[in-house]
Each structure stands twice: as C-alpha cells, then as structure tokens.
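>>> I would like the atomic coordinates for the input below:
(chains A and B)
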Amino acid sequence: MSTHPLVELAQRLVPAHVVSGDVESSDGRLDALRREGLREFVRMGIPTTRHEEWKYTNLFPFIGLDYSYAPVRWSERAASTDARTSMTEVASALGQHISIRIVDGVVEANLTNVPDGVDILELTSDIVENDKDVARTLGSGAPIGSHPFVALNTALLESGIVIRLRKGVQCELPIHLSVETTANASTLIAPRLLIIAEEGAEADIIHSSHTSGGATVLDVTVVEASIAATAHIRYYKIADDSDASRSISSVTADVHRDATFTSHALSIGGRFVRNDLAIRLCEPSSQGFLYGVSLLAQSEYTDNHTVVDHMVPHCHSEELYKGIYDGSSTGVFNGKIYVRPQAQKTTAYQSNHTLLLSSKAQVQAKPQLEIWADDVKCSHGATMGQVDDEAIFYFRSRGIDEATAKALLTYAFVSEVAEKISLEGLRELVMRRIARRLSAESILA
Amino acid sequence: MTPLLQITNLHASIEDREILKGIDLTVNAGEVHAIMGPNGSGKSTLASVLAGREDYSVTEGSVLFNGKELMELSPEERSREGLFLAFQYPVEIPGVSTANFVKTAVNESRKHRGQEPLEPAAFLALMRERMALVEMDPSFLQRSLNEGFSGGEKKRNEIFQMAMLDPVLAVLDETDSGLDIDALRIVASGVNALRRADNATIVITHYQRLLDHIVPDYVHVLWNGRIVKSGDKSLALELEQRGYDWLKQEAAVEA
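Below is the predicted model:
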C-alpha cells in the first residue's frame, strides 16, 4: 500500500534525529513527544468513514492535496497592521484586547499591553525542559494515540504558544488568537496552544481563523488547557472563514477544584470544520460549560465531537449545541458524557437541537452517555425538525410575511446559545453575523 | 353602505372532506356577531378559512372584505388589510419577545398603509396603555411570546395584540375556552373597549357565558357546515336552555 501524501509529508518534515531517538543528539521531552506523534500518525494514518469517530467526516476531497507546510515561528518584528477584513471585524468587536496573530505561520504577538501576571510565551524545547507547568500540560490532555490529527500536530511541533495566567490574575483584556493564512498554494498549518491558568486566574480567549488567497488551507490545531482551582477560562472558537479553509481542531481542558472551563464553538461559516472538545472534570466542584452554534449553508460541513468526563464527585456540566442547516450542508454532533463510578452527585445536562431549512441538508446527532455512578442527575435531549408551520402561520396572521417569519424564528432558535457569550462586544458581533446570514437584521433594529 | 364582510355560498374542504357547505353571512361596521354551534359544526374552520390557513381549500363561493376578495390575499395581506384572528390555541414562540413580535407586526401594517415606523418611546407607551386594557403586566413584554404563559395569559395577550393592530374586523375563535370567570371578564372588557362604529367583531363560541359579557347584535347557529338559524341575543339564551338537538332536527326536516 502506498503511503498517504500527508503521512509522507510528516515523515519528511520530522528530522532524522527525532525519528531515531538517538540519545546523543536528542533534545529531550519535546523530541520524545514529536517522535510519539509521528509514530502514532503513521500507525493510524488518515481516518476513513469506516472509523466510528470519523463516520460522517469526509476528508477525501481535500486530504490528499499536495500541501506545503508553513511551520509556526516567532517573529522578532512587531505585529503588522495589514489585517484581513474578517479578522478586523472580530478585533474591533473585542475593543481593547491582547492580540496574538499567526500570519502564514509567523507569530506576531503584540505584547505591549499585556498586564502583569499574564505571560505569553513561545513554546520552545527549553521551556518544555525547564518549566514544570508547561512540561506537565504539554501532551497531557491531547489524545495523541487516538486522534490522527492530534498525532500529526504533535509530530510537527517545533514551536507554539503558551498563555499563562499567574495566580489570582483576572485578565480584563480579552486575548485574541488570530490565525491568518494568505496562501496561493495548498498549505498545512499546525498551531499548538497551551493555556495554563493558575489558581484563581480568569480570562477570555478568542480563537479565530481567517483565510485569504484562493488555495486550500488545512489548519490542524491542538489546544491544551490546564485550569487550576478556582480559575475560570472562557474559550471561544470562531469559524467564520472563507471557502478555502479546512479546520480540524482538538481542545482538551483539565478542570480542577471549583474551577470552570466554558467553551463556545461558533461556526457561522466554513467549508469544513471539525471540532473535538474534551473536558475532564478532575477535582470536586469543577464545572464545564459547552456551547455550540452551527449555522451552515451550501455544502458546508461542521462536526462537533465533545466529551465530558466526570471523574470525581460533585461536578457539573452543561452542554447546549444548536444547528441550523440550509442548502446541502451537513452537521454532526457527537456528545459523550462519562460519569465514572466514584463520581457521585454529578449533574450533567446535554441538549442538541437542529433546524433543517432545506430538504437536502443533513444532520447526524449522537448523544452517548455512559453513567457508572448511581446518585447522579443526568439528562440529554436531541431534537431535529423544521421551522414550525403553526408558528409561521401565527406570524403571518399578524401581518408578518413568511420569509421574515422564518428568519425571525430561526434567529430566535439559535440566539439562545449566542446569548451565553458573556463578552458583550463579541456577543453582539456573533448575533449580528447570525442575523445577517439569516436576513433577519430587522430583529436587531 | 358596503358591508364590511360579505360571505356568499362559501364551501371549504380539508383533505377532500367538505367542512363548510355553503355559508352566507353579512357583517356591517359597528356590529358584533356570535357564531355558535356544537363541536365539529365548522366554527373553527370558518375562522381558519377567513384568516387564510392553507390546510383548507375553498372550493366555491366568495368572501368580500371591504369590497376586496379575501381569498385572493395571503394571510399577512389579510392582516394588513385589517383582519385579525384571535387564536383558540395561541402558539408559543421561544426566543421572540412579545415586544419584538408586536413591534414587527405593527410596523408591517404601518408600512402597508404608507406610515413610518413608530418611534421606540411612543411605541412603548402605546404598548403599556394597551396592555392595561387586559390587565397585563408590562413584564410580559420582555418574555418570549406566549412561552410558559397560562391559558388566561395567552388569551389576554391575543386581545392585547388585537388592541395594538386595531383591526377592522376581529374574529375571536373560542377565546373563552380555558378561561376562568375572572379572566373571561377581563378579556371581554378588553374586547368591548375596542368596539367602535367603524369596526366589527365575530365571536365564535361554544357557550353562552361569553355573550353575557360581549353582547352580540346577531347570533348564528352553525351546524353541519351551514348556518341553520340566525337571531338576536335571545337565541343564545334559548340554546343554553334547550341545547342544539332541536335545531339539528329542524335543519334535518328542512333539508
């Protein structure tokens, strides 16, 4: 069997000394991790639809392209200002914020306004060797052995970004990670982000991608977060990108005592988006909130795979994903909840609701609850349907035409999730984008 | 004077089953008509056909509303022309606030009449004033339309919307169903407050008790898709005492 071009690319990109693991030349933990990543990627290869976790994910149309790799490197120069429109829109919605841009792989962090106690660092082999928090977090959550693209990202890991919030620091400025790619040839990028929140720290982290130029960009991102006791991290992943983008991301978060991790997967446009999110509630009274909006048209595809692992007693999780699928788009929701035998007094709620606006749109929804403890409150609900005819008639009988009625009802359906965004500027932007896409702007007037 | 509503030989079916079998009814400005009848006689079908519900097909006859053929208009056009249907079962709309819904509806009607949208402050004042008619608390404005409302609150909300849209002809479809006596009184007094010489109301009901509060000029009995008897308000009282059976027998003999 011939080797898949992407596997071949990875093999070519990982230096020989890393592959061989020769102790003399090895530079330690980072190389060991890369070696593991490459080994696992080669072992697993490209997943096909025969693989349960990739059953509806059709990678075939783009995965075999001849990609060139744009490695992540830190730039000495200050952040440039020639921003893409979609990126500017997010940036201006956030108001004053901390900006980290990865432009064609080159990291341009504007660190002038970073407050004390917030560290934005380059992930280097040095830091992996010398910083125990970084060493502990890197590779701890990401499923290198089971997710082929996490393995790929790990194999290619030379540099990345560490956001560390020191003990008790409330970072009032939102932190915006903007991944911008301008390729004219098919390009692979593989950003890696570590979020380390020390005790009592708090921050909003926004992650958006912006592709310009006509060529396909395959973005394989891995985010690993470690949330210490009483820390609160809100992470927003915005997919509102051009048709050229293909995004596969894996986010994992370990949440400790009395801490929360809140995730918003906001897919308002994107040809192909696959989000894997795993939250481990690893100390009592930790909480996970998982929200998702998928608003798709044409032949767009968004796939959310989520896992909440209740490992200990007294933890709480809440999950709400809503999808609106028009054209011949496809949405996938796969939501796992594990409640381990010792995790008594767990409360875990999951719901997933879908509106299909066209007869050619599709949805695949799969709630998966495995509950091994007996004193728990868990629920899940999944619905799919069309806009209610009776509701449309009610609107029409009050003088509101059918198209407006549909738009308003659809907007109302999805706004329930968007309203969970606590950053006001971002919430307004998302609502505005949704309204614009549904031609329901009048409701915002 | 042109009648406000003139229904002539109206036939309507659902899934090839004929429900209305030749209705004739004339309603003039300033009048209140009550339509009564046993279950399944076609009362709610008549309301639905007037409002333009697409499940029904009109197979024969005509309905002139202010001289225009109603059946040629879409449901939203009928509303903008001044027809209002108060639903028997108002629909719950999560995520759309009562205020936003009413604002959108009123502005559609205003646009139709060539008027500018109302200023927000004036609009709010108007909403508060009209809510008071049916003793609705202003806090309902920010709540999702009808979501979690009690039966009585939903019906009061219907009359509030009617007051905001200020229709020429209101059709109240079993507005009394599910109401306790206090709610009935509140709803009825709201409807009465909106009565004018230039508008009209059709009250569809099963029971006479609503007509103690909204006193009709005419009462019609619908049975088996036809109006089998018309009279004044005393007919409603007679029905209350004697039931519908005697009328069914009379109608059967005539047929």
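>>> helix, strand, or coil at residue 89?
Assuming you mean chain A. Recorded secondary structure, residue A:89: helix (DSSP: H, G, I helix; E, B strand; the rest coil).
>>> meant chain B actually
At residue B:89 the chain is in coil, as set by three-state DSSP.
>>> burial check on it, number of neighbours?
The tally of other residues near residue B:89 (other CB atoms under 10 Å in any protein chain shown) stands at 15. No exception for glycine: its C-beta is placed from N, CA and C like everyone else's.
>>> same check on residue A:370?
Per other CB under 10 Å, the neighbour tally for residue A:370 reads 10.
>>> and it, bridged to which residues?
Note on residue A:370: beta-bridge partners residue A:338, judged by DSSP bridges.
>>> is the residue of the stretch 1-150 of chain A found nearest chain B within a helix or a strand, and which one?
Of all residues in the stretch 1-150 of chain A, residue A:93 sits closest to chain B, at 22.2 Å by CB to the nearest CB. Here residue A:93 sits within helix A:85-94, counting by DSSP states H and E.
>>> who are the packing partners of the helix or strand following that helix?
On the C-terminal side of helix A:85-94, the nearest following helix or strand under DSSP H and E is strand A:98-103. Contacts defined by 3 or more CB pairs under 8 Å, 6 or more residues apart in numbering or on different chains; DSSP states H and E place strand A:98-103 against strand A:106-110, strand A:118-123, strand A:175-181.
>>> deepest-packed of these, please.
strand A:175-181 (a mean of 24; mean count of other CB atoms under 10 Å in any protein chain shown).
>>> ok, residues contacting that strand?
Outside strand A:175-181, the residues that touch it by CB atoms under 8 Å, 6 or more residues apart in numbering or on different chains are A:70, A:83-84, A:87, A:90-91, A:94, A:97-104, A:118, A:120, A:161, A:163, A:187, A:189, A:191, A:193, A:203-213, A:217, A:219, A:221, A:245.
>>> again, 7 Å this time
The set of residues external to strand A:175-181 that reach it, using CB atoms under 7 Å, 6 or more residues apart in numbering or on different chains, is A:84, A:87, A:90-91, A:94, A:97-104, A:163, A:187, A:189, A:191, A:193, A:203-211, A:217, A:219.
>>> pLDDT at the nearest residue to residue A:64 once chain neighbours are set aside, what is it?
Setting aside the residues directly before and after it, residue A:64 is nearest to residue A:5 in space (CB to CB, 6 or more residues apart in numbering or on different chains), at 5.6 Å. As predicted, residue A:5 sits at a pLDDT of 93.
>>> phi and psi next, for residue 45.
I went with chain A, as the question did not name one. phi 70, psi -170 (degrees, to the nearest 10).
>>> nope, chain B please
Torsion angles at residue B:45 (phi, psi; degrees, to the nearest 10) stand at phi -60, psi -40.
>>> on that earlier part again, tell me how many other residues crowd the residue nearest to residue A:64.
Neighbour count of residue A:5, defined by other CB under 10 Å: 14.
>>> neighbouring contacts of stretch A:203-212?
Here stretch A:203-212 makes contact (CB under 7 Å, 6+ apart) with A:84, A:86-87, A:90, A:94, A:163, A:165, A:171, A:174-182, A:195, A:197, A:217, A:219, A:233-239, A:241-242, A:244-245, A:247, A:423, A:426.
>>> which other helices and strands contact the helix holding residue A:93?
When contacts are defined as 3 or more CB pairs under 7 Å, 6 or more residues apart in numbering or on different chains; DSSP states H and E, helix A:85-94 sits against strand A:175-181, strand A:202-211, helix A:424-437.
>>> low-confidence ranges, the chain, go.
You didn't pick a chain, so chain A it is. Counting by pLDDT under 70, chain A shows low-confidence ranges at A:1, A:22-27, A:76-85, A:442-445.
>>> chain B, not that one
Counting by pLDDT under 70, chain B has low-confidence residues at B:254-255.
>>> rerun that using 80 as the cut-off
For chain B, the stretches with pLDDT under 80 are B:1, B:251-255.
>>> spell out which parts of it neighbour chain A.
By CB under 7 Å from any CB of the partner chain, the part of chain B that sits against chain A consists of B:51, B:53, B:75-76, B:79-80, B:85, B:87, B:91, B:93-96, B:100, B:104-105, B:108-109, B:161, B:165.
>>> pull out the buried residues from those residues.
The neighbour-count test (16 or more other CB atoms under 10 Å in any protein chain shown) applied to the residues of chain B next to chain A identifies B:51, B:53, B:75-76, B:79-80, B:85, B:87, B:91, B:93, B:95-96, B:100, B:104-105, B:108-109, B:161, B:165 as buried.
>>> in this structure residue A:431 contacts residue A:415, no?
Yes - under the criterion of CB atoms under 7 Å, residue A:431 makes contact with residue A:415 at 6.4 Å.
>>> pick out whichever of the two has more residues nearby.
Using other CB under 10 Å, the more surrounded residue of residue A:431 and residue A:415 is residue A:415, with 22 against 19.
>>> does the spatially closest residue to the more buried one that is not a sequence neighbour count as helix, strand or coil?
Once flanking residues are discounted, residue A:415 sits nearest to residue B:95: 5.7 Å by CB to CB, 6+ apart. Judged by three-state DSSP, the three-state class of residue B:95 is strand.
>>> touching, residue B:95 and residue A:414? I think so.
No - taking contacts as CB under 7 Å, residue B:95 lies outside contact range of residue A:414: 8.3 Å.
>>> so what's the residue of the stretch 1-150 of chain A closest to chain B up against?
Counting by CB under 7 Å, 6+ apart, residue A:93 touches A:425-426, A:428-429.
>>> mind putting those residues into a markdown table with distance to residue A:255?
Converted to a markdown table, the contacts of residue A:93 look like this (distance: CB to CB, whole Å):
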| residue | distance to residue A:255 |
| --- | --- |
| A:425 | 26 |
| A:426 | 22 |
| A:428 | 28 |
| A:429 | 27 |
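>>> so which of the residues you listed comes closest to chain B?
Distance to chain B across the contacts of residue A:93 (CB to the nearest CB) is lowest for residue A:428, with 16.3 Å.
>>> can you give me the neighbour number for the closest one?
If you count neighbours by other CB under 10 Å, residue A:428 ends up with 14.
>>> give me the nearest residue to it, chain neighbours excluded.
Of all residues not flanking residue A:428 in the chain, residue A:93 sits nearest, at 6.8 Å (CB to CB, 6+ apart).
>>> OK, contacts around the residue of chain A found nearest chain B?
Nearest residue of chain A to chain B (CB to the nearest CB) works out as residue A:412 at 2.8 Å. Residue A:412 sits next to B:93-96 when contact means CB under 7 Å, 6+ apart.
>>> and the angle for the host helix or strand of it with strand B:93-97?
Element membership for residue A:412 (DSSP H and E) is helix A:402-418. Here helix A:402-418 points in a direction 90 degrees away from that of strand B:93-97 (axes from the mean of the first three to the mean of the last three CA atoms, to 10 degrees).
>>> output helix A:402-418 as PDB, restricted to C-alpha atoms.
Only the C-alpha atoms of helix A:402-418 are listed here, as PDB (Å, rounded to 0.1, in the frame of the first residue of the first chain):
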ATOM      1  CA  GLU A 402     -43.400  34.100   5.500                       C
ATOM      2  CA  ALA A 403     -39.800  34.800   4.800                       C
ATOM      3  CA  THR A 404     -39.500  37.200   7.700                       C
ATOM      4  CA  ALA A 405     -41.300  34.800  10.000                       C
ATOM      5  CA  LYS A 406     -38.900  32.000   9.100                       C
ATOM      6  CA  ALA A 407     -35.900  34.300   9.600                       C
ATOM      7  CA  LEU A 408     -37.100  35.500  12.900                       C
ATOM      8  CA  LEU A 409     -38.000  32.100  14.200                       C
ATOM      9  CA  THR A 410     -34.600  30.700  13.000                       C
ATOM     10  CA  TYR A 411     -32.800  33.600  14.600                       C
ATOM     11  CA  ALA A 412     -34.700  33.100  17.900                       C
ATOM     12  CA  PHE A 413     -33.900  29.400  17.800                       C
ATOM     13  CA  VAL A 414     -30.100  30.000  17.600                       C
ATOM     14  CA  SER A 415     -29.900  33.200  19.700                       C
ATOM     15  CA  GLU A 416     -30.500  31.200  22.900                       C
ATOM     16  CA  VAL A 417     -26.900  29.800  22.600                       C
ATOM     17  CA  ALA A 418     -25.300  33.000  21.300                       C
END
